Every structure is written in structure tokens, then in C-alpha cells.
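[1] Return atomic coordinates for the entry below.
(one chain, ligands or ions: 2)
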Amino acid sequence: MTLDSTRRVVALVPAAGRGVRLGASAPKAFVPVGGSPMLVHAVDGLIASGVVDRIVIMAPIEMIDAARELLAARAHAASSIPVDVVAGGAERTDSVRAGLAAAADATHILVHDAARALTPPSLIARVVDALSTGHRAVVPGLPVADTIKAVDAAGDVTGTPDRSELRAIQTPQGFDAALLREAYALGLPATDDAGLVEAIGASVHVVPGDAMAFKITGPLDLRLANTLVADMTVGSTPAVTG
Ligand code: CTP
Ligand code: MG
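    Ligands and ions are numbered 1, 2, ... in the order given. As a prediction, this is how the structure comes out:
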């Protein structure tokens, strides 16, 4: 459901990580937040944004059937947005590469971590809006609250970058599909997709991020996410009167 009928936005959802830092018994994307797996929250948000035409999830190979069942059982199975599940890879870049191979129909690609389960649909729409105004690579970013220091192997500080120029980068990251494919063709490792696009000399535009798009990485993040979902559920319950 995009504004331009020639545009086809495919969201790739990396969900194939092991969740080592979270330490749960299941791969992280399958760990529940407020009763639903992170993966389901992430897909719900993408669908609710109204700017995504298709979703491709990259799951651990042994979880592919489970992922398909989870998604089929949800209300969004009734939505007209196709959701496919493919096998991810050993590193996040391998997973994204697997998603790219399954998204030949895309004119634009969003890469959105399942671990950013509570990302507001408005942020997803903001990234796609910036793509439609002509930016070829778009990332959401937030000012950093902490002072960041560069530190060498001996533990000594080598520099303190000006914090006002720094942004903490989130997902979804949005790209012109041809640009992202070109960047991935280099075969370099990277912690985010925009880093690969920067490596081929293309410019990357930053739009305002959202605190709710935080990545669930460790146990503290999971506690925060569960609390937030519980608060939202209470907030949406009609008040009992009389
Ligand atoms: N991811 C992936 N394939 C991998 C590694 C990560 O699809 N080989 C996904 C994760 O499922 C997650 C996102 O990339 O949605 C961000 O990765 P991260 O937060 O690091 O998740 P994990 O790799 O699962 O966690 P950890 O690094 O603690 O093991
Ligand atoms: Mg990881």
C-alpha cells in the first residue's frame, strides 16, 4: 500500500540470531514479550505502518516451520501483505543476504531487526517517507545520552568525540534496493546495513529515531519491554466506572 504504484517496499526482518546476550532458552526473536514472540510484534508493527508491501523473515533454519505457524495463527494472517519465512545465516549479514535473495521484486528495502519488537509504526513510515523524497539510504537515529570515548587495547582513552554530532542508530534502515544489493556485493562484515552503503561511498540520511525502537539485547531490556507492553495493555483497557 504505497503512495507510488511503481514502488514496492519489501521489509527484511533478521530473526535468525541466537540471543546469546539475552540467555533465554529459545532463539531471541521467539522469546515472548507481553505474551507474543518478538518476531510477531515486529511483523505487526510493519503491517500497521501501511507502507510495506511484503515482508520476508529470516529465521534460524530449525525455526522456519514454527515461524510460519506463529504468523499464520495471528490476526495479520488476514492482511493482504504477504509474509514469507526463509533461512537466515551464521552472521547477521548472512541473514540479510538471504533475505535479499528472496526479495527480487523490491524497489526499496527496509531492514528491520525482530529484536526491535516495539518499534512504532510511525517510525517505519518516517523512514519510507524519506526514501520517497529521494534519499537512497535512510536510518533512524537518536542523540546519545552518554559521553562516548574511544579506548585503546590497554584501556586508555584515545579521544572523546563531540557528543552533539553522534547518533545512536536504530532500525528500520531503508534503502533503494539496487544500492543495498551493490553494497552487499562487496562481501564485507558490518554491524549495520548502512555501514556497508557508506563503504561504497553513498550518502546515508538520518531521520529522528524513537526511544520505543530500542533493541532488546539483554535481560534488562526484556524486563523493560515486558513492562511497557503491560502498561500499554492497561492503558488500552476501558476504564471501569460506577
Ligand atoms: N540476526 C540474524 N542472523 C544472525 C544474527 C542476528 O538474523 N546470524 C538478527 C537477530 O535475530 C536480531 C537482529 O539480527 O533480530 C539483531 O541482532 P542481535 O540483537 O545481535 O541478536 P542476536 O544475534 O540474536 O543476539 P546475540 O548477539 O546476543 O546472540
Ligand atoms: Mg548478535
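[2] quick one: which helix or strand includes Gly89?
    Per DSSP states H and E: Gly89 is located in neither a helix nor a strand.
[3] what distance separates the lengthiest helix in the chain from the middle of the whole chain?
    When the chain is parsed with DSSP state H, its longest helix is helix 219-236. In terms of C-alpha atoms, centre = their mean, to the nearest Å, the centre of helix 219-236 is found 19 Å from the chain centre.
[4] helices and strands around it, which ones?
    Judged by 3 or more C-beta pairs under 8 Å, 6 or more residues apart in numbering; DSSP states H and E, helix 219-236 is in contact with strand 32-33. Quick note: C-beta positions are derived from backbone N, CA and C, even for glycine.
[5] so how far is the strand it packs on off the chain centroid?
    Using C-alpha atoms, centre = their mean, the offset of strand 32-33 from its chain centre is 16 Å.
[6] again, but for stretch 167-181
    10 Å.
[7] So that stretch, near ligand 1 or not?
    No. Stretch 167-181 does not reach ligand 1 (C-beta under 6 Å from any ligand atom); its nearest approach is 8.2 Å.
[8] Now that stretch: average pLDDT?
    Confidence for stretch 167-181, expressed as mean pLDDT, is 98.
[9] Enumerate the positions of it that are buried.
    169-177, 179-181 (16 or more other C-beta atoms under 10 Å).
[10] Would you work out how far apart the start and end of it are?
    Distance across stretch 167-181, first residue to last, is 25 Å (C-alpha to C-alpha, to the nearest Å).
[11] Skipping adjacent residues, who's closest to the residue most central in space within the chain in space?
    For the chain, the residue nearest the mean C-alpha position is His112 (2.0 Å; C-alpha atoms, centre = their mean). Of all residues not flanking His112 in the chain, Pro172 sits nearest, at 3.8 Å (C-beta to C-beta, 6 or more residues apart in numbering).
[12] can I assume the one you found is in contact with Val111?
    Yes. Taking contacts as C-beta atoms under 8 Å, Pro172 lies within contact range of Val111: 6.5 Å.
[13] what touches both of these two?
    Between them, Pro172 and Val111 share these contacting residues under C-beta atoms under 8 Å, 6 or more residues apart in numbering: Ala11.
[14] so who does the closest residue to Arg92 other than its chain neighbours touch?
    Counting by C-beta to C-beta, 6+ apart, Pro14 is the residue found nearest to Arg92 once chain neighbours are left out, at 5.5 Å. For Pro14, the contacting residues are 58, 88, 92, 95-96, 99, 111-114, by C-beta under 8 Å, 6+ apart.
[15] List, one by one, the residues from the chain near ligand 1.
    14-21, 28-29, 58, 88-92, 95, 113-115, 215, 217.
[16] switch the cut-off to 5 Å
    14-21, 28-29, 88, 92, 95, 113-115 (C-beta under 5 Å from any ligand atom).
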